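Asks: For reference, the sequence and a predicted model appear below.
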Amino acid sequence: MRYWLSKMQRTKNIKRATESGQALIETALVLPLLVFLLLGIIELGRYAGIAIEVANAARAGAVYGAQNLPDSANWQAIQRAAQNDSGLGSNLSVISSIGLLPSDSLNPCHEIADTESPLPYVVVRTTYVGTPLFFSSLAMVLTGCAQMQVAE
């Protein structure tokens, strides 16, 4: 009887050791995939935040330029306003233009059907090249565009 109990104990110990090894192997196989997914989620969230900043910078530049006609022609001040709003510094490219909408040469962000009385508008486009933290092949060009009617 004693021999039988010790044999049962040894069988339980071997079974526990085998299950422990199996869990370790499963963890070793799944962990790299989970880390890869986590890094991808972090990278995607970072790009989403930067895209929002780039779009808001275009809006801030358009708001500054839409204050009055002299401000709409001051592209350096519009660029400064957009860069200060974004916090991305000089890496943010800002292009502003003014004109009467609708106009084929202005190429507005959104179509406006106002053919009877064209009004002065300022259009600000921002561009930022995002550098990835983890995956070097995921560099993205993020753009923003905003247009506003100039106050008269």
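Replies: Sure thing, it's come through. Remember, predicted model here, so these are calculated numbers, not experimental data.
Asks: Buried by neighbour count: which residues of the helix or strand bottoming out on mean pLDDT in the chain qualify?
Replies: Of all helical and strand segments in the chain, the minimum by mean pLDDT, DSSP states H and E falls on strand 93-101, at a mean of 79. Neighbour counts over strand 93-101 (16 or more other CB atoms under 10 Å) mark 93-99, 101 as buried. Glycine gets a C-beta too; all of them are placed from N, C-alpha and C.
Asks: and which of these is nearest to residue 47?
Replies: Within the buried residues of strand 93-101, proximity to residue 47 (CB to CB) peaks at residue 93, which comes in at 17.0 Å.
Asks: measure the residue nearest to that closest one when sequence neighbours are not counted to residue 97 for me?
Replies: Closest residue to residue 93 apart from its sequence neighbours, by CB to CB, 6 or more residues apart in numbering: residue 127 at 4.3 Å. Separation of residue 127 from residue 97 (CB to CB, to the nearest Å) stands at 14 Å.
Asks: Tell me the pLDDT of residue 135.
Replies: On the pLDDT scale, residue 135 is placed at 72.
Asks: Just list the residues touching the nearest residue to it once chain neighbours are set aside, thanks.
Replies: Nearest residue to residue 135 in three dimensions, chain neighbours excluded: residue 43, at 6.3 Å (CB to CB, 6+ apart). Residue 43 is in contact with 132-135, 138, counting by CB atoms under 8 Å, 6 or more residues apart in numbering.
Asks: Packing partners of the least confident helix or strand of the chain?
Replies: If contacts are counted by 3 or more CB pairs under 8 Å, 6 or more residues apart in numbering; DSSP states H and E, strand 93-101 sits against helix 2-65, helix 75-86, strand 119-130.
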